[in-house]
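1. prediction below, plus the sequence it came from.
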Amino acid sequence: MDRLTDARGLYEALLAAHGPQGWWPGGRGFSLPVGAILVQHTTWASVERALDNLRGAGLLDPPALAAADPAAVAELVRPAGLPRQKAERLTGFARALVEDFGGSLELLYAAEPHHLHAWLLARRGIGRETAESVMLYGARLPVPVVDAYARRIVRRLGLAPDGDADAAWREWFAGQLPADATLLGELHALLVEHGKRFCRVAPRCTGCPLRACCPVGRQRTAGALPAEEVSV
DNA sequence: GTCCAGGGCCTAC
DNA sequence: GTAGGCCATGGA
């Protein structure tokens, strides 16, 4: 494998290695922002059980969730962990959606992107990463999602931008990739998939398809790891 | 038993 | 601005 030098090469290498991930292909339903909040600090398998519980209770509906008792919602989302916290965040999100957009995600997504971003960030429990995920997969806006996996993988490949500011990372991705929500959605999914399998906090590079072009992967194969690479 | 997952909030410094 | 604790369940 040739040495990777940019985001486009990374995307193509990950796509070749892992294939299309197809996250949230249906995209625009209420389960998307709900899932984006539920998935924080847990696995998607756990989220699906929580979503099933909410669906069974008729709460995958903005007005119904807005009116629901957070304590009852907490029991339904318990499989996804942090139940009290996530129940408050979900009911709060639904209330704001009903109050500000009549419960319509279509109207929310139709807002000017800057306002959409600001509105999402103003919701309790929605930070940068969750807001960007909703904008990318829900509103289908070409927004790169810069998460811990993206940073770790790019750092280990020796491609990280100068400085570590959010803006520098966003510019690093946006400047090298087309403004294409489908491509950026695949890239984020591929980075997560690759990170889970081969680029965790403690490097386990065995079998990593990027090993040949990754300094950490090569050193991992050889044995020792530089401390600054292990700790990224 | 230990680690950590498709984060974000709050507090202290 | 940033480091550290906290939230809680479940799978590896």
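-> Here it is on my side, so go on.

2. can you count the residues close to the residue in chain A positioned nearest to DNA strand B?
-> Taking C-beta to the nearest atom of the strand, DNA strand B has its nearest neighbour within chain A at A:Gly127, 2.5 Å off. Yep, even glycine has a C-beta here, placed from its N, CA and C like the rest. A:Gly127 has 11 neighbours, counted by other C-beta atoms under 10 Å.

3. same thing with the one 3 residues further on?
-> Applying other C-beta under 10 Å, we find 21 other residues in the vicinity of A:Thr130.

4. report the contact partners of the residue nearest the centre of chain A.
-> In chain A, the centroid-proximal residue (C-alpha atoms, centre = their mean) is A:Ser133; its distance is 5.3 Å. Neighbouring residues of A:Ser133 by C-beta atoms under 8 Å, 6 or more residues apart in numbering: A:36, A:145, A:188.

5. from these, which land in helices?
-> Counting by DSSP state H, the part of these found in helices is A:36, A:188.

6. show me which of the contacts of A:Ser133 is closest to A:Ala67.
-> A:Ala36 (21.3 Å; C-beta to C-beta).

7. stretch A:33-50 vs DNA strand B: in contact?
-> Yes. Stretch A:33-50 comes into contact with DNA strand B (C-beta under 7 Å from any atom of the strand), by way of A:35-36, A:39-44.

8. buried ones among these?
-> Among the residues of stretch A:33-50 next to DNA strand B, those classed as buried by 16 or more other C-beta atoms under 10 Å are A:35-36, A:39-40.

9. thinking again about what came up before, which ones are touching the residue of chain A closest to DNA strand B?
-> A:Leu121.

10. do the same with the one 4 residues further on
-> When contacts are counted by C-beta under 8 Å, 6+ apart, A:Ala131 is found next to A:117, A:120-121.

11. picking up where we left off before, and which of the contacts of A:Ser133 is nearest to DNA strand C?
-> Checking the contacts of A:Ser133 against DNA strand C by C-beta to the nearest atom of the strand gives A:Ala36 as the nearest, at 15.8 Å.

12. break chain A into its domains for me.
-> Residue ranges for the domains of chain A, per automatic domain parsing: A:7-21+A:146-230, A:31-138.

13. just the mean pLDDT for the longest one, thanks.
-> For domain A:31-138, the mean pLDDT works out to 97.

14. just the first one next, same as before
-> Average pLDDT, domain A:7-21+A:146-230: 86.

15. give me the distance from that domain to the chain's centre.
-> Relative to its parent chain, domain A:7-21+A:146-230 has a centroid offset of 14 Å by C-alpha atoms, centre = their mean, to the nearest Å.
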